[in-house]
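Visitor: Everything below, folded, please.
(one chain, ligands or ions: 1)
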Amino acid sequence: MAIFECSGLTKTYGAKKALSNVNLSVEKGRIIGLLGPNGSGKSTLLKLCNGLLTPTAGTLTIGGSAPGIQTKQIVSYLPEHTYLADWMKVSDVLNFFSDFYKDFSVPKAEEMLTNLKIGKTEQLKTLSKGTKEKVQLILVMARQAQLYLLDEPIGGVDPAARDYILNTIIKNYNPEASVVISTHLIADIERVLDDVIFLKDGEVVLTSSVDDIREEKGVSVDALFREVFKC
Ligand SMILES: Nc1ncnc2c1ncn2[C@@H]1O[C@H](COP(=O)(O)OP(=O)(O)OP(=O)(O)O)[C@@H](O)[C@H]1O
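Guide: Next up is the predicted model:
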């Protein structure tokens, strides 16, 4: 059964069409790269999935329901911008998440913090931008969700931490769950992907498994992306 489906999904901001007639189906147990140039509609799609925006036209379901209170319990979302209050300590945000989400695992979050050498007593405002991003991703990945929506999760972090984070994503997630990752860092991330979705000017121009791209086209996802989106 699909964990996420949309049909005829369209979103306009005033006269600007950010997504146009998007039809997608995401199966359980897949890691999917949501790829496209700047302004192609990736964040808009993830915000629609999370109920932060409402569609202009079309339908969208997660686990069979429209985005709402019910779907928030099964979706773990990493937004493109940080939303945590700066005065909080790392331990405060752990408590906050643990109060808010029944599926949040404090030991799992603590293990990831230790591995990335982030102290629980540190205040968010004293952390570097990349470290703050790591904390946010740890919070999102420490939930036992059915669908993880990660909007550019590794953009701000150094290459060594990227590897740890990607390995964490693979290791941590339950095989019944799916992960959608929007990113420009395709070469870094493609080893963990099962499938890709290419978006261009708000339209889906390709959906494929990564194996098919490698076997049938004989190229990497990164190389295919550069070919499809050549400026
Ligand atoms: N609040 C808004 N008001 C008006 N236009 C918007 C708004 N948010 C996004 N857009 C426009 O919608 C289009 C899609 O934007 P979106 O942020 O979804 O793209 P993206 O693929 O995530 O881009 P990037 O890779 O740069 O983050 C862009 O043309 C953008 O300018």
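
Visitor: all strands for this structure, in order.
Guide: With DSSP state E as the criterion, the chain has strands at 2-13, 16-27, 31-35, 57-62, 75-78, 147-151, 178-182, 195-200, 203-209.

Visitor: what's the spacing between the residue nearest the centre of the chain and Asp212?
Guide: What sits nearest the mean C-alpha location of the chain, by CA atoms, centre = their mean, is Leu150, with 1.5 Å. Distance of Leu150 to Asp212, given as CB to CB, to the nearest Å: 23 Å. C-betas here are computed from N, CA, C, even on glycine.

Visitor: Can you list the helices and strands that the helix or strand bottoming out on mean pLDDT in the chain packs against?
Guide: Least confident helix or strand, the chain: helix 159-172 with a mean of 84, by mean pLDDT, DSSP states H and E. Helices and strands touching helix 159-172, by 3 or more CB pairs under 8 Å, 6 or more residues apart in numbering; DSSP states H and E, are helix 106-115, helix 129-141, helix 186-189.

Visitor: wait, does the last one contact the ligand?
Guide: No. If you take CB under 6 Å from any ligand atom as the test, helix 186-189 misses the ligand, and the best it gets is 12.2 Å.

Visitor: Sort out which residues of that helix are buried, please.
Guide: Ile186, Asp188, Ile189 (16 or more other CB atoms under 10 Å).

Visitor: Could you give the average pLDDT over it?
Guide: What helix 186-189 shows for mean pLDDT is 91.

Visitor: all numbers from here: first residue = 733
Guide: Taking 733 as the first residue, the last one we looked at is helix 918-921.

Visitor: and that helix, what other elements does it pack with?
Guide: Using 3+ CB pairs under 8 Å, 6+ apart, the elements in contact with helix 918-921 are strand 763-767, helix 891-904, helix 953-960.

Visitor: just those: most buried one?
Guide: Stretch with highest mean neighbour count among the helices and strands packed on helix 918-921: strand 763-767 (a mean of 24; mean count of other CB atoms under 10 Å).

Visitor: In the sheet, which strands lie alongside it, parallel or antiparallel?
Guide: strand 910-914 (parallel), strand 927-932 (parallel) (DSSP bridges).
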